[in-house]
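Visitor: sequence plus predicted model, see below.
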Amino acid sequence: MERLQRGRSRRAFLAACAAGVVVAGLIWRFAIPGLPWFTWKYGGSALWAALIYLLVAFVLARSGWVTVLLAACLVCTGVEFSRLLDFDWLNAFRDSLAGKLTIGAVFSLWNLPAYFAGCALAALSDERWIRARTG
């Protein structure tokens, strides 16, 4: 019973963090004027990857943070490489605001370090939360 409660508590924590990251990402992309392009681009990419980590952790709530980190990095890498696919329906989605925010439009290997940094920061927060809750 205690383990089930911890799982629910972790999921609540992850959901709250994910909501916060979504808000932070939207503010980062749309409401902070004058950010240098590099900061705007790769900071947003890191926030997106942190969200991916949190979503993967929510789904794999019973897994350790290392497993979640590896899975999230694989998802981020897969999404980046999916940008090389050229299908009309996928391109149409990429051209929409929802597509730009969720899967992006342009392939760039330079995104991967930002993704890995975002995942790592989210994993660090998750690991600290787990450690604090388990004693």
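Guide: It's in. Computed from a predicted model, the values in this text were never measured in an experiment.
Visitor: going by C-alpha atoms from here, please, whenever you check contacts or count neighbours.
Guide: Fine.
Visitor: could you list the single helix or strand in the chain with the lowest mean pLDDT?
Guide: Confidence across the helices and strands of the chain bottoms out at helix 2-30, with a mean of 84, counting by mean pLDDT, DSSP states H and E.
Visitor: and the helix or strand just after that one with helix 2-30, angle?
Guide: Next in sequence after helix 2-30, counting helices and strands by DSSP states H and E, comes helix 37-59. Put simply, helix 37-59 runs at 160 degrees to helix 2-30, going by axes from the mean of the first three to the mean of the last three CA atoms, to 10 degrees.
Visitor: please renumber so the chain begins at 95
Guide: OK, 95 is where the count begins now, so the last one is helix 131-153.
Visitor: list the contacts of Leu206.
Guide: Contact analysis of Leu206 by CA atoms under 8 Å, 6 or more residues apart in numbering lists 170-171, 174.
Visitor: kindly report the same for Leu191.
Guide: Counted by CA under 8 Å, 6+ apart, Leu191 has zero contacts.
Visitor: from Leu163, how far out is it?
Guide: 27 Å (CA to CA, to the nearest Å).
Visitor: same question for Gly212.
Guide: Counting by CA to CA, the gap from Gly212 to Leu163 is 10 Å.
Visitor: next one: Trp142
Guide: From Trp142 to Leu163 the distance is 14 Å (CA to CA).
Visitor: over to Lys135?
Guide: 22 Å.
Visitor: out of those two, which sits in the busier spot?
Guide: In this view Lys135 and Leu163 are compared by other CA atoms under 10 Å, and Leu163 has more residues nearby, 25 against 15.
Visitor: list phi and psi for that one.
Guide: Taking degrees, to the nearest 10, you get phi -60, psi -50 for the backbone angles of Leu163.
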